[in-house]
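# Can you look at this prediction? I've put the sequence above it.
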Amino acid sequence: MNRRSLVSIGVVTLAVAVLVSSAAAGQAPSAAPKAASAAKAYTPPRTPDGQPDLQGFWTNSTYVPLERPKDVTKEFYTPAEAEEAIKRAAAREAEQTEPGTTADVHYDFSQFGLDRSQSTIARSLRTSLVVDPPEGRIPLVNAEGQKRAQALAAARKARGGPYDAVENMPIGSRCIIMGGSGPPLMNAGYNANYQIVQAPGYVMILTEMIHDVRIIPLDGRPQPPQNVRQWTGISRGRWEGNTLVVETTNFNGRNAFRGASENVKVTERFSRVADDMIDYKFTVEDPATWDRSWTAEAPLAKTGGPIFEFACHETNYGIANILAGARAEEKAAAEQALKKGSN
Amino acid sequence: MRNRCLTTGNVVAAASAGLLLLATLAAAQAPAYRAPRAPDGKPNLNGIWQAMNTAHWDIEAHSSAPSPARELGAAGAVPAGLGVVEGGSIPYTPEALAKRNENRANRLKLDPEVKCYLPGVPRATYMPYPFQIIQSQKHVMMVHEYAGALRTIYMTEQTEAPADSWMGWSNGRWEGETLVVDTKGFNDLSWFDRAGNFHSDALHVVERFTARSPDTLNYEVTIEDPKVFTRPWKMSMPLYRRVEPNAQIMELRCVEFVEDLLYGHLRKQPK
């Protein structure tokens, strides 16, 4: 009951929010030059200690793909084309909500508001989130990156089947960290919600999936030693005018963003360009994977809070059931083989 | 029975004497200190804080004991502590006390901390890890190193808990120098310490955070849970600022550390 009403409240709030962002999209229809001049015109509010105020609940949920589809050659859609692209993507997403299909078994996305069409989306006319290289696609992985990917794949294979042991399963299924936890902030498909809170000397970013918090110090302290490594790296921030610039290194390389190495450096830039929009850009530099850096833009749209606790590991019955299921299947197969042998 | 009462009586008397002394000290100090102000004029509690006591082992008074895990030897020994519960012992109902004792006897199997589960409140505050307060006008965040546990304290838009959770649903207010946090909406799965002290989903926690010097806070907690306790009770302790210039909340993403413990029996090739 509780859950149901929560969901409906969410949907109502989000419906309103979608209207708001449609209105915003209507205002900024076209294009980078205009958006840039709008950014100059807007003066963000300040926190009591004088930082540009980025606080609130935000989402980067979007139907714009990270990389430009191969059959699209332009950087921006017209508003009508963008609507069409959203409709097409939403239709693809809706396929997994078709009752009675196997895709419907895991989650009923439509019922619980998990598909993007039911929540605020950060609208943009861009045809890809990647803005540099200008063709809108991530540079090809270089020889060193390919070699590393092959070695990782071989190591994975050597560990056995995907359900042989818990460590062979994906880290998201294990509730260790989700692919989109970042940095950079990448929408996770659903629950792509963030909360930003600022205090003197710090910016905190909470990623709903799965209660991941980054506390970014702004005091210019140095990066810790190279041997200290974390899943989400270690972030240091500074204000450049009204833009929050966050540099992150010291990754452990195990939640590798698009195949990056542990030595990747991610630089994020947050600029509030409207009451309901943060312009969010990130640049990925990793000579061990790409011969050039690349940059993407994935705006954050204001959305309704609050963010509820995501206790993923605590009720991760799925992982135990999957492993137990695999053992039961092996046992049944062994018994079957024994029977055949004795016949 | 008689013996038990006597013992309890002694503990209460001793603890009361101790408390009286503490209370006198606190009374002597408290009015003297006024916290620096945050930019919005409220007492500034921003910072990285940590308890320095043995409440994470047992919030009640306890003797030292060997490590619960034999292999750790003295490295895992339980240090003695004089307890943080006002009055000395927790007023359990008889049934609840039996359950606490059962929890304690099976703590390696049952303690949510062993499984890297979210710690609940107030346990998160006095675990042997730092937490950071990030104080804004609308939200006060408490971000804990252990398991990345997180609390959002709603200062302005206050609502009822939409559903039960591990860390509860916290509404906060300023009472003079004190941040008062009222938390409900807990599930019945978290514990108070490693000694099996527990609560039900009727738990109601009221915490009071008050600066007592530039680098220490007074932390007082009132616990109410009519399903488990015969009356409300309190605990209190100081919290200390982590003053190292490079102090920061690091990752203790412990899920991976407990997977073999939780799912190891489901391996294809037993280790």
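That came in fine, so what should we check first?

# Helices along the stretch 51-200 of chain A, start to end?
A:79-94, A:103-106, A:143-158 (DSSP state H, counting those that start in this stretch).

# what comes up buried for the first one?
Buried residues in helix A:79-94, counted by 16 or more other CB atoms under 10 Å in any protein chain shown: A:82, A:85, A:86, A:89, A:93. Every residue, glycine included, has its C-beta placed from N, CA and C.

# Enumerate every residue touching the second one.
When contacts are counted by CB atoms under 8 Å, 6 or more residues apart in numbering or on different chains, residue A:85 touches A:63, A:64, A:77, A:127.

# Name the member of these with the most neighbours.
Compared across the contacts of residue A:85, residue A:64 has the highest neighbour count, 25 neighbours, by other CB atoms under 10 Å in any protein chain shown.

# measure that residue to chain B for me?
Between residue A:64 and chain B the computed distance is 29 Å (CB to the nearest CB, to the nearest Å).

# With residue A:167 instead?
7 Å.

# need the residues of the stretch 51-200 of chain A near chain B, please.
Contact residues, the stretch 51-200 of chain A versus chain B (CB under 8 Å from any CB of the partner chain): A:55, A:160-161, A:163-167, A:174-177, A:195, A:197-200.

# filter the residues you listed to the buried ones?
Applying 16+ other CB under 10 Å to these flags A:55, A:163-166, A:174-177, A:195, A:197-200 as buried.

# so can I have CSV of these showing pLDDT?
What follows is those, written out as CSV (pLDDT from 0 to 100):
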residue, pLDDT
A:55, 98
A:163, 96
A:164, 96
A:165, 95
A:166, 96
A:174, 96
A:175, 96
A:176, 96
A:177, 94
A:195, 97
A:197, 98
A:198, 98
A:199, 97
A:200, 96
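
# Among those residues, list the two that are farthest apart in space.
Maximum pairwise distance in those, criterion CB to CB, is 50.1 Å, between A:164 and A:200.

# Could you find the closest non-adjacent residue to residue A:274?
Nearest residue to residue A:274, sequence neighbours excluded (CB to CB, 6 or more residues apart in numbering or on different chains): residue A:42, at 5.8 Å.

# Could you pull out the buried residues of the one helix or strand residue B:240 maps to?
Residue B:240 belongs to strand B:233-241 when assigned by DSSP states H and E. Buried residues in strand B:233-241, defined by neighbour count with 16+ other CB under 10 Å: B:233, B:235, B:236, B:237, B:239, B:240, B:241.

# Which one of those is nearest to chain A?
Among the buried residues of strand B:233-241, residue B:241 lies closest to chain A (CB to the nearest CB), at 13.9 Å.

# how about the residues of the stretch 51-200 of chain B near chain A?
The interface of the stretch 51-200 of chain B toward chain A, taken as CB under 8 Å from any CB, is made up of B:116-118, B:132, B:134-139, B:141, B:143, B:148-150, B:152, B:154, B:157, B:159, B:162-163, B:165-167, B:189.

# Quick check: the gap between residue A:137 and chain B.
32 Å.

# neighbours around that residue, how many?
Residue A:137 has 15 nearby residues by other CB under 10 Å.

# got it, and residue A:170?
Neighbour number of residue A:170 under other CB under 10 Å is 10.

# hmm, back to that, quick one: the buried residues of helix A:79-94 as a markdown table, columns for pLDDT too.
Output for these, formatted as a markdown table (pLDDT from 0 to 100):
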| residue | pLDDT |
| --- | --- |
| A:82 | 94 |
| A:85 | 90 |
| A:86 | 89 |
| A:89 | 85 |
| A:93 | 74 |
